[in-house]
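Colleague: sequence plus predicted model, see below.
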Amino acid sequence: MKDPRKTIASGDTAPYQFSIMNEPLIPQKTPFVQETPAGAHFWCACGRSKTQPFCDGSHKGTGFGPLRVEVPQSRRIAWCGCKHTANKPFCDGSHSGLK
């Protein structure tokens, strides 16, 4: 898989570098289908989280951020696992067209 990150330095002598991602990582090419309790949830948009499909803060410095989703009542949800859905954060089948 192609590495979607870019490293940018702010000057030749700058000791700081930032890892900016052009595209999210793909944790899996199927949805995360699970019973989800009512309340606020933060869907991982970068694909780096170890607690998929939810954010664990791993996006810091990537240019990505989580998507806050309010679930009004507990229900079964198919959260996008490939991070390429057009219906964020829900699966729309986009994973079937990924290489």
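Modeller: Happy to help now that I have it.
Colleague: from Pro72, how far off is Gln52?
Modeller: Distance, Gln52 to Pro72, by Cβ to Cβ, to the nearest Å: 23 Å. Heads up, the C-betas are built off the backbone N, CA and C, glycines and all.
Colleague: same deal with Trp43?
Modeller: According to Cβ to Cβ, Trp43 and Pro72 sit 16 Å apart.
Colleague: okay, the two: which has more neighbours?
Modeller: Between Trp43 and Pro72, counted using other Cβ atoms under 10 Å, the more crowded position is Trp43 (21 against 7).
Colleague: look up the residues forming beta bridges with the more buried one.
Modeller: Counting by DSSP bridges, Trp43 is bridged to Phe54, Leu67.
Colleague: what's the local residue count around Gln52?
Modeller: Considering only other Cβ under 10 Å, Gln52 is surrounded by 17 other residues.
Colleague: quick one, what contacts it?
Modeller: Counting by Cβ atoms under 8 Å, 6 or more residues apart in numbering, Gln52 touches Pro27, Gln28, Phe32, Cys44, Gly81.
Colleague: residues near the first one, how many?
Modeller: Other residues lying near Pro27 total 19 when counted by other Cβ under 10 Å.
Colleague: now do Gly47
Modeller: Neighbour count of Gly47, defined by other Cβ under 10 Å: 23.
Colleague: do you know how far it is from Gln34?
Modeller: 17 Å.
Colleague: where are the low-confidence patches of this protein?
Modeller: Within the chain, the stretches with pLDDT under 70 are 1-19.
Colleague: show me what contacts the spatially most central residue of the chain?
Modeller: Among the residues of the chain, the one closest to the centroid is Ala45, at 2.2 Å (Cα atoms, centre = their mean). Applying Cβ under 8 Å, 6+ apart to Ala45 gives the contacts Pro24, Cys55, His59, Phe64, Gly65, Pro66, Leu67, Lys83, Lys88, Pro89.
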